[in-house]
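Colleague: turn this into a model:
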Amino acid sequence: MKITRLRTALVQIPFDPPIGLGGPAVLRASGLVLVFVESDQGVIGEGLVFTFNGHRLGVLDQMVRSFEPLLVGIDPRHSGAFVTHAWNDLRTHGSGGIAAQCLAGVECALWDLRGKLLGVNISSMLGACRTLIPAYQSSELWASLSLDALQRSAADQMSAGYRAMKMRLIGNIPKDIARVRAVREAIGPDVPLMADANQKLTVPQALRLGRMLEEFNLTWFEEPVAAHNHAGEAEVAAALDTPIASGESVYTSRGAMEMLQQHACDVLMPDLLRMGGPSEFMKAAAFAEAFNIPVSNHTYPEMSIGLLAAIPNVNFLECMPWVSAVYQQKIEIDGHGRALVPDRPGWGFDFDPAVIKRYSVA
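Modeller: Numbers count the residues shown, from 1 in each chain. Model prediction:
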């Protein structure tokens, strides 16, 4: 049983409509390097690397394909050996940035292949703790929406079956208070509501806004200050009753450990690609468990759900469909706002050939 080939395909899938972030930045498309790891058994594992608006897609593709010499010829059941060799090979390039994300795309494909060869879902391969995970809708309550539009969108998400959701803050304290109040009025007092500042605030601003937001019973206040400022995150976390969520912007489990050691978050949100792949993601979750900190993923729900199902200290699945359009299957939400962990082999989500053909780029 051997790996015979690594190949890629590039796609760019437009957002309809484009997503405004409340400033000059506009998200117009998902750029994806789709990763395929082929075996001599005829089974193919799938993973991906993501970038907004197709930026640096060619660079990502070249980096992904650079791992092929380390991959071809190995037994896919020995994925740990590949990961060890790959990190050693990356030593001169560092353990973050494009290096980590591209390695993650390859390791995700390798795990998918391993699950398919064994005929089990990733969650079962790891030893699942659950088959249902509380999910929150993360892709609708944008900073560019008016108060009326926020309320309509929040009501729509409730009608779609979600029982938790996240909104974005704009960095203007009076306006943010009004926006959170509007959403809370639309969904009621008991629906979990998260608010993401996207690192827009200074520590004094975060403390002031955070105290004013406490009347709205937020489930968490996300990335209030610059993500590299763990001391500032810790200061905010210590001062507020509302939990602070962070971690999506750090690389590898060592980055997560640094946050935990500095008490920089009350909820850890590892990003599967920035972690460097599923191995590092699971290490970060184990570190969080040791600190009695819950874990929620950052984006990539189709792959993250299988990992979260095997994590004892999980609290929510973030349903952010940046890459969902490329898959044939969709995340299923039950009548109580919980995502169903699939039992299909591998990740349980397969790329759609028709979508790849339609949105293929050179």
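Colleague: got the residue ranges for the strands in this protein?
Modeller: Listed in chain order, the strands of the chain (DSSP state E) span 3-20, 26-39, 44-52, 132-141, 165-168, 193-196, 220-222, 244-246, 267-268, 295-296, 314-319, 338-340.
Colleague: how far does the fourth one sit from its chain's centre?
Modeller: Using Cα atoms, centre = their mean, to the nearest Å, the distance from the centre of strand 132-141 to the centre of the chain it belongs to is 12 Å.
Colleague: same deal with stretch 221-231?
Modeller: 17 Å.
Colleague: go through that stretch and flag the buried ones.
Modeller: Buried positions in stretch 221-231, judged by neighbour count with 16 or more other Cβ atoms under 10 Å: 221, 222, 223, 224, 225, 227, 229, 230. No exception for glycine: its C-beta is placed from N, CA and C like everyone else's.
Colleague: surely the fourth one is in contact with residue 206?
Modeller: I take that to be residue 224. Yes: the pair residue 224 and residue 206 qualifies as a contact (Cβ atoms under 8 Å) at a distance of 3.7 Å.
Colleague: anything in contact with each of those two?
Modeller: Here residue 224 and residue 206 share the contacting residues 197, 236, scored by Cβ atoms under 8 Å, 6 or more residues apart in numbering.
Colleague: residues in contact with stretch 137-144?
Modeller: Residues contacting stretch 137-144 (Cβ under 8 Å, 6+ apart): 19-23, 150, 153-154, 156-157, 160, 162, 164-170, 183, 299, 318-322.
Colleague: please identify the buried residues of it?
Modeller: Quick answer for stretch 137-144 (16+ other Cβ under 10 Å): 137, 138, 139, 140, 141, 142, 143.
Colleague: need the max-distance pair from those.
Modeller: 137 and 143 (15.7 Å; Cβ to Cβ).
Colleague: gap between stretch 235-251 and the chain center?
Modeller: For stretch 235-251, the distance to the chain centre is 17 Å (Cα atoms, centre = their mean).
Colleague: start to end distance for it?
Modeller: 22 Å (Cα to Cα, to the nearest Å).
Colleague: what mean pLDDT does it have?
Modeller: Stretch 235-251 carries an average pLDDT of 98.
Colleague: can you point out the buried residues in it?
Modeller: Buried, per 16+ other Cβ under 10 Å, within stretch 235-251: 235-237, 240, 242-251.
Colleague: closest one to residue 41 out of those, please.
Modeller: residue 251 (33.2 Å).
Colleague: can I get the buried residues of stretch 235-251 in a markdown table including distance to residue 268?
Modeller: Converted to a markdown table, the buried residues of stretch 235-251 look like this (distance: Cβ to Cβ, whole Å):
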| residue | distance to residue 268 |
| --- | --- |
| 235 | 18 |
| 236 | 15 |
| 237 | 12 |
| 240 | 17 |
| 242 | 16 |
| 243 | 11 |
| 244 | 10 |
| 245 | 8 |
| 246 | 8 |
| 247 | 5 |
| 248 | 9 |
| 249 | 12 |
| 250 | 9 |
| 251 | 14 |
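Colleague: thanks a lot, see you next time.
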